[in-house]
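S.K.: need the 3D shape of this:
(chains A and B)
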Amino acid sequence: MAGYNTNEFRSGLKIMLDGDPYTIVENILVKPGKGQAFSRVKIRNLKTGRVVDKTFKSGDSVDAADVMEVDMQYLYADGEDWHFMDQNTFEQHAANKVAVGDAALWLKEQDICVVTLYNGAPLSIQPPNFVELKIVETDPGLKGDTATGGIKPAYLETGAMVRVPLFVDQGESIRIDTRSGEYVSRAKDS
Amino acid sequence: MSQSGLIKTLKLRAELLAAVRSFFAQRSVLEVETPVLGATAVTDPNIQSFVVADDNKPPRYLQSSPEFFMKRLLVDGAPDIYQITKAFRQAEAGARHNPEFTLIEWYRREFDLAQISQETAELVQQLLLIREISLPIQRISYRAACQQMLGLDLIEQSLQSLIQLATKQGLVAADKLPRAALYDFIFDQGVVACLPQDVIHIVEYYPAEQASLAQLSQADAQLAERFEIFAGGFELANGFLELRDAEEQRQRFQQDVQIRSQQGLPAVAIDETFIAALQQGLPACAGVALGLDRVHLIAAQVESLDQLLPFPWSAL
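M.R.: Have a look, this model is predicted:
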């Protein structure tokens, strides 16, 4: 397996540690005037998303993680897996519940997601930053109420719940920031 | 860098240099220069020197410190001396490291560790006053600093418990490291990181494994007559009551050479002219190296050398 020396460390590099794949978030050189040099890194576990602080002796090597991030189109869910297609190779990949996680709340058919492949299989899914989804259930809209700033819960076609302004109605499509899970605006063509 | 930023950084640098020269002039310490391109390099396995080709002659080495040349001057009869010089170390690049950096190095005859460390702290204090940053000086032993910050005496710990402690603090493959490297990691992580940043700390009496070019303490052979200065959360200076025993110095160098070969690092020949000078007799003295760029960082109140140096390494 290919490896990296600590002097190749940079953010975004994918490495293996204790059997799990990690991505380097930050790398800092620590070196006393007289004494051992170290690479102090923040690394994110690509399975759990947890960020940990680790330190490597300068000059040490670590295994490279066979991890790739690929843009793929979300096709459909079959009740068990979520299916994605690499639009360059037309190769299809099935991601299970663990890999999809909370991204399931924002997956809309035909949207382009970033699929992280680990040893060729989906490890995690990153939905687009903004998605447009239809409201399937919410209290009736208060027409013209764009000023009071009141909010109400709305349930979307994917099962997600977001807080929306009072004037938004059932059956409308809205734009959501998937990173915060917050309502942005009404969708343009709804 | 903006034009006003550039002028600010150039002016502050010039003021710092002028203040260093006036500090030593007042104390009758003589400014000297020594070669930057030497015929040998340091054996220290933690320092990699740049090698410079010289036609078809043996290569030269950019000096990682002016220490050996300055000690040779002392052997030849020079009085108290200082110099402001560029020093060079491979692969040391980061927010607070530049492979080419400026050292202020000086040697004082008949000074002990308390005197040289006090003088260093006072110089740092005066340099920071240029920007009206007024920091108090506090002296603490390495042992007491560990006791205070870690709740234990590192020097008394077994190798096994040092490995456990380092592993707990996030060091990968700690069990492959010798005591000195474990001290480096644990001290940086657990002590330096916790020292109040608005104090100039003198930390003195390092573990004997980290003696480098310092004498071992007469009172306690577990300790070396070595100190460091910390402020702003990082190391500014490192100094010794200088080792004068040529035989012991040769043994330490030979140990370095051995570690280099074990670790697959480039081989470096022992500087025999330096050993010969020690045999001739180095006068009793204490010496210290202070990183001017680090002092400049604190004075300018910026985080990274990229914001300070007109030509940082990563953007030459």
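S.K.: A:N7 - how many residues pack around it?
M.R.: 14 (other C-beta atoms under 10 Å in any protein chain shown). C-beta coordinates here come from the backbone N, C-alpha and C atoms, glycine included.
S.K.: secondary structure class for it?
M.R.: helix (DSSP: H, G, I helix; E, B strand; the rest coil).
S.K.: residues contacting the closest residue to it other than its chain neighbours?
M.R.: Sequence neighbours aside, B:A91 is the residue nearest to A:N7 in space, at 6.2 Å (criterion: C-beta to C-beta, 6 or more residues apart in numbering or on different chains). When contacts are counted by C-beta atoms under 8 Å, 6 or more residues apart in numbering or on different chains, B:A91 touches A:7, A:37, A:58, B:48, B:99.
S.K.: cool, A:A37 as well?
M.R.: A:29-31, A:57-59, B:46, B:91-92.
S.K.: could you redo the last one with a cut-off of 10 Å?
M.R.: A:6-7, A:29-31, A:57-59, B:46-48, B:89, B:91-92, B:94, B:97, B:181, B:184 (C-beta atoms under 10 Å, 6 or more residues apart in numbering or on different chains).
S.K.: which of those residues are buried? Put it as a PyMOL command.
M.R.: Command for PyMOL that selects the buried part of these, burial taken from 16 or more other C-beta atoms under 10 Å in any protein chain shown:
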select buried, (chain A and resi 6+29+30+31+57+58+59) or (chain B and resi 46+47+48+89+92+94+97+181+184)
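S.K.: what about the contacts of A:A37, which are in strands?
M.R.: A:29-30, A:57 (DSSP state E).
S.K.: pLDDT added to these, as JSON lines?
M.R.: As requested, the ones in strands among the contacts of A:A37 are arranged in JSON lines below (pLDDT from 0 to 100):
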{"residue": "A:L29", "pLDDT": "90"}
{"residue": "A:V30", "pLDDT": "90"}
{"residue": "A:K57", "pLDDT": "94"}
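S.K.: can you put those residues in JSON lines and add distance to chain B?
M.R.: Listed next are the ones in strands among the contacts of A:A37 as JSON lines, based on distance: C-beta to the nearest C-beta, whole Å:
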{"residue": "A:L29", "distance to chain B": "4"}
{"residue": "A:V30", "distance to chain B": "6"}
{"residue": "A:K57", "distance to chain B": "6"}
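S.K.: who does the closest residue to chain A within the stretch 1-150 of chain B form a beta bridge with?
M.R.: With C-beta to the nearest C-beta as the measure, B:G94 is the residue of the stretch 1-150 of chain B nearest to chain A, at 3.6 Å. When bridges are called by DSSP bridges, B:G94 pairs up with B:H97.
S.K.: quick one: contacts of stretch B:242-252?
M.R.: B:43-44, B:67, B:71, B:74-75, B:107-108, B:111, B:116, B:211-216, B:224-225, B:270-272, B:274-287.
S.K.: domains for chain A, by residue range?
M.R.: According to automatic domain parsing, chain A comprises the domains A:3-63, A:67-126, A:130-186.
S.K.: about what we covered before: from the contacts of stretch B:242-252, which would you call buried?
M.R.: Looks like those have B:43-44, B:67, B:71, B:74-75, B:107-108, B:111, B:116, B:211-216, B:224-225, B:270-271, B:274-275, B:277-278, B:282, B:285-287 buried, using 16+ other C-beta under 10 Å.
S.K.: surely B:Q115 is in a helix?
M.R.: Yes: counting by three-state DSSP, B:Q115 is found in a helix.
S.K.: from A:K34, how far out is it?
M.R.: 21 Å (C-beta to C-beta, to the nearest Å).
S.K.: checking the nearest residue in space to B:C194 that is not next to it in sequence next. Helix, strand or coil?
M.R.: For B:C194, ignoring the flanking residues on the chain, the nearest one in space by C-beta to C-beta, 6+ apart is B:M149 at 4.7 Å. Assigned with three-state DSSP, B:M149 falls in the helix class.
S.K.: check contacts around B:M149.
M.R.: Taking C-beta under 10 Å, 6+ apart, we find B:M149 in contact with B:140, B:187, B:190-195.
S.K.: the same query, at a cut-off of 6 Å, please.
M.R.: Residues near B:M149 by C-beta atoms under 6 Å, 6 or more residues apart in numbering or on different chains: B:190-191, B:194.
S.K.: give me the pLDDT for it.
M.R.: pLDDT, B:M149: 94.
S.K.: which stretches in chain A count as helices?
M.R.: A:97-100 (DSSP state H).
S.K.: does the residue most central in space within it have any beta-bridge partners, and if so which?
M.R.: For chain A, the residue nearest the mean C-alpha position is A:Q126 (2.9 Å; C-alpha atoms, centre = their mean). Beta-bridge partners of A:Q126, counted by DSSP bridges, are A:V114.
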